[in-house]
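coordinates for the following, if possible.
(2 chains)
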Amino acid sequence: MTCGRREREIALLVAGELDRPAAEALRAHLATCPACASLERALRRNAAALRELGGASVPAAVRAELHARLARPLSSARGGSAPAGFKVRRRTPLRAALAACALAAAALGAAWVLTRSPRLPGKGTAEVAAPAPDRLRPAPGAAPEREAQASLVPAGAHAGGAALAPRRSKSAPRPGEQEPTFVRLQTDDPGVVIYWQLKDSGG
Amino acid sequence: MGETRATGGGIGARPPEGPPPWREVLLRAQAGDREALEAIVVSQEKRVLNVAWRMLLDLDDAKDAAQEVFMRLIKYLPSLDPERDPSAWFYRATVNVCRDVRASKRRWAWLPLIGAEGEEIAAAGPAPDLLERMALSQEAARVAGCLRALPFKERAALVLRDVEGLETAEVARILNSSETTVRSQASRARLRLRRILEENP
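Model (predicted):
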């Protein structure tokens, strides 16, 4: 048996995996073979280094990072919150994006609700249209200092029925005339709103 | 060549690990107890991380591997046998995951070269974090760095047998192999490691 063929036995001897007769025979050979003895010493040094490797432990920071990675899978696996000692890694950009989406959805929803809510004057709401000052005519026989000029107009008479203020002529007041004053009167019927135009008769 | 000696013991003969007993905590975890699941993770994380690091010799890869091991734990939790010691399952899962991690890295690596016998001859080099972060001696760091050059099966046998200090029968059970094969793989790994160290003084 050559020394080359002894190598496997030496590797087993170093690991303590040779039975006693084979180990004694090999030790006798090692006592007379410097090359095989050198190999045995090298393998024992390596074995010691490997044992030292086995005694080394991963740093605590690495374990902490593993905790952070496992917090979410563990909590989702059981449907609960993250267990004590496991810190959930926060993903700020993702959370911010989700919050922005939620706010946008809420704003859209609010806008949709507002656009669909009834506005005055709605269907069935009456509107008092005040004639322009230049179209006013004094009633025959009426001589109060202040007289109201108004006509009742059904709500549906206006296109869209969206006018909120009394209609007025777009023509500008004549020179010497004052801008008319209106009074809004809410009647018992919520569907009827009366606007009064107050006109100074000069008295 | 003399006969090899089959050592006794085995995974199933190990005492349960740490309070509370493995059987009880596993049953609770299987019933949906999240704290029990956490207890399992805490009791095994150090072992899994260390084995993964010794197999891969890279802390980042070890973290990835350990995370994957515990993801598999969550996935296969209902199928675990509470009557059996968990160490074999965790060792086996860690080795399998490390093999997958290494295979995925090889797809994109410049190395390895393929030797004449189809064996991998990777470049042996010192791991950057061996000395500083793991506080190993120069000799241990050098040996650990050269472990990377070993073929995966030999490395797994050597790590479990000589680094983790498991018995050959346990290693064979973890690797789903025979004791003779494990013994042969570990011996070849010791001799190959010695050659690599000589070639990389």
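
and stretch B:71-79, anywhere near chain A?
Yes. Against chain A, stretch B:71-79 shows contacts by C-beta under 8 Å from any C-beta of the partner chain at B:71, B:74. Using the backbone N, CA and C atoms, a C-beta is placed for each residue, glycine as well.

before we move on, what about stretch B:138-158?
Yes. With C-beta under 8 Å from any C-beta as the criterion, chain A is reached by stretch B:138-158 at B:139-140, B:142-144, B:158.

please name the residues that touch B:Leu175.
B:Leu175 sits next to B:92, B:95, B:153, B:156-157, B:160, B:182 when contact means C-beta atoms under 8 Å, 6 or more residues apart in numbering or on different chains.

so can I have a markdown table of the residues you listed showing neighbour count, pLDDT and secondary structure?
Shown next, in a markdown table, are the contacts of B:Leu175 (neighbours: other C-beta atoms under 10 Å in any protein chain shown; pLDDT from 0 to 100; DSSP: H, G, I helix; E, B strand; the rest coil):
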| residue | neighbour count | pLDDT | secondary structure |
| --- | --- | --- | --- |
| B:Arg92 | 16 | 93 | helix |
| B:Val95 | 26 | 93 | helix |
| B:Lys153 | 18 | 91 | helix |
| B:Ala156 | 27 | 93 | helix |
| B:Ala157 | 30 | 95 | helix |
| B:Leu160 | 26 | 94 | helix |
| B:Val182 | 26 | 95 | helix |
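
that's a strand at A:Arg184, yeah?
Yes. With DSSP: H, G, I helix; E, B strand; the rest coil as the criterion, A:Arg184 is part of a strand.

against chain B, how distant is it?
65 Å (C-beta to the nearest C-beta, to the nearest Å).

what about that residue, how many residues nearby?
A:Arg184 has 11 neighbours, counted by other C-beta atoms under 10 Å in any protein chain shown.

ditto for B:Glu199
Residues lying near B:Glu199 (other C-beta under 10 Å) number 10.

and the gap between it and A:Ala64?
Distance, B:Glu199 to A:Ala64, by C-beta to C-beta, to the nearest Å: 38 Å.

over to B:Thr180?
42 Å.

helix or strand for the residue in chain A positioned nearest to chain B, which one?
Of all residues in chain A, A:Ala22 sits closest to chain B, at 2.0 Å by C-beta to the nearest C-beta. Element membership of A:Ala22, judged by DSSP states H and E, is helix A:20-30.

could you report the pLDDT at the residue of chain A closest to chain B?
Here, the pLDDT recorded for A:Ala22 equals 90.

what about stretch B:84-103, distance to the chain center?
7 Å (C-alpha atoms, centre = their mean, to the nearest Å).

ok, and does that stretch reach over to chain A?
No. Contact of stretch B:84-103 with chain A is not found when judged by C-beta under 8 Å from any C-beta; the minimum separation is 12.6 Å.

could you work out the end-to-end span of stretch B:74-93 for me?
From its first residue to its last, stretch B:74-93 covers 12 Å (C-alpha to C-alpha, to the nearest Å).

what does it contact?
Outside stretch B:74-93, the residues touching it (C-beta under 8 Å, 6+ apart) are A:73-74, A:77, B:11-12, B:14, B:16-17, B:22-23, B:26-27, B:29-30, B:37, B:40, B:44, B:47-48, B:51, B:69, B:72-73, B:160, B:164, B:166, B:170, B:173-176.

residues of the longest helix seen in chain B that come out buried?
Secondary structure of chain B per DSSP state H: the longest helix is helix B:34-56. Residues of helix B:34-56 classed as buried under the neighbour-count rule (16 or more other C-beta atoms under 10 Å in any protein chain shown) are B:34, B:36-41, B:43-45, B:47-56.

I am finished for the moment; much appreciated.
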